[in-house]
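> sequence unknown, structure follows:
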C-alpha cells in the first residue's frame, strides 16, 4: 500500500497529501488516514510526509510502501486473542435509547485481534488492538451498523487477579439542535471488578448503511461494511470493556426519542475474560462499547440523537 493512500485505491491524490500534512500538524487525527504513517510509529513526521509526496509523484508499482507493524504472536506476554463476533443466539446485541429492546439481528461479522502483555506483580497486563479491523451487524429495519476499529494509539489493561474498576462511559454534549461537542471517553469508572476484567480505548469510525434494495436482505447491508468509506465520518476515541459501558448524550436534540431526566443514556455490562484461556477463541469474554449518533434520525422523521451500546460475544 502506498504511503498516503487514504482510501486504498492505489492512487495518492493531492487531497490525501493535505490530509497527511494535517495529521502531522496535529489538526487531524491519525485515524483520518493511518496510511500516512509509513512505519507504524503512531505519528506522522517529516519522513512520512516525504514518502507521501513521493507516492503522489509515482504510481502503485514504484511508490514508497507502508510498512505493516509485525503481528504479535503468542509466546510474548499473555499473547493474542482473536475475538470473533458471535451471531445470535448469543449475548451479542445492540441496545439504543429509542426502544428498550435489542434491535440487532444476524448477521454479525468481523473479529477483533487483541494482544496482551505480561501481567505485573499486581496481576495487571497491558492490552491493545493488534491490527485495524472492521466489524458489523444488522438492525431490525434491515440496515447495518459498520464499525472500523483502528489499532494505532489503542491501549488498555486486563486485570488477571481482579480488584480494579473497568467501567467506561462515552459522553456527547449535543447542544440541542446545534452542532455537538467532541465526545469524551472515560475509563476506570465504578467499583472494582473481578478477575479477567478488561477495558481499552481505540479510535473508532461508525457508518450506518441503509437497507439495500430490491429484497432488503439484512446480509446485503452488512456486506457493505467491507467497502464503506469510513473516512467520510470522524473517528471517535471509544472505550470498550467487559464491565459496564455507558453511552450518554447530554442536551440531546429536542426531537430525540427516549429522553429521561434531560439526557439519553444506555448501559450494558459485559463478561470478564479469563487470563488462563486468553488465547482461546470462543472462551470467556463479552465486550461492550458505547456508540453515539448525533442527529442520526432523519429530519423528515423529526430528527434526533441516539445513544447506543453494542454487545459483542466471542
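Alright, I've got the coordinates. Predicted, not measured: the structure shown is a model, and the values here were computed from it.
> Could you use CA atoms for every contact and neighbour count after this?
Will do.
> beta partners of the nearest residue to residue 206 once chain neighbours are set aside?
Nearest residue to residue 206 in three dimensions, chain neighbours excluded: residue 147, at 4.6 Å (C-alpha to C-alpha, 6 or more residues apart in numbering). Bridge pairing for residue 147 (DSSP bridges) gives the partners residue 135, residue 206.
> And the pLDDT for residue 147?
pLDDT for residue 147: 97.
> from memory residue 146 sits against residue 225, does it?
Yes: between residue 146 and residue 225 there is a contact under C-alpha atoms under 8 Å: 5.2 Å.
> so what sits against both of those two?
Both residue 146 and residue 225 are contacted by 134, 135, 136, 209, under the criterion C-alpha atoms under 8 Å, 6 or more residues apart in numbering.
> Of the residues you listed - the most surrounded one?
When neighbours are counted by other C-alpha atoms under 10 Å, residue 136 leads those with 26 neighbours.
> And the helices in the stretch 1-150 of the chain?
Ranges of helices within the stretch 1-150 of the chain are 14-25, 46-57, based on DSSP state H, counting those that start in this stretch.
> Dump these to a markdown table, plus mean pLDDT.
Shown next, in a markdown table, are the helices of the stretch 1-150 of the chain (pLDDT from 0 to 100):
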| stretch | mean pLDDT |
| --- | --- |
| helix 14-25 | 90 |
| helix 46-57 | 90 |
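> Tell me which of the ones you listed sits nearest to residue 255.
Nearest to residue 255 among the helices of the stretch 1-150 of the chain is helix 14-25; the distance by C-alpha to C-alpha comes to 35.2 Å.
> quick check: angle from the closest one to helix 46-57?
Using axes from the mean of the first three to the mean of the last three C-alpha atoms, to 10 degrees, the inter-axis angle of helix 14-25 relative to helix 46-57 is 180 degrees.
> List of residues touching helix 14-25?
Residues outside helix 14-25 that contact it (C-alpha under 8 Å, 6+ apart): 4-6, 28-30, 32-33, 36, 43-46, 49, 52-53, 56.
> If we use 7 Å, what do you get?
Helix 14-25 has contacts (C-alpha atoms under 7 Å, 6 or more residues apart in numbering) with 4, 5, 6, 28, 29, 30, 36, 44, 45, 49, 52, 53.
> Of those, which is the most crowded?
Within the contacts of helix 14-25, residue 4 tops the neighbour count with 37 neighbours, counted by other C-alpha under 10 Å.
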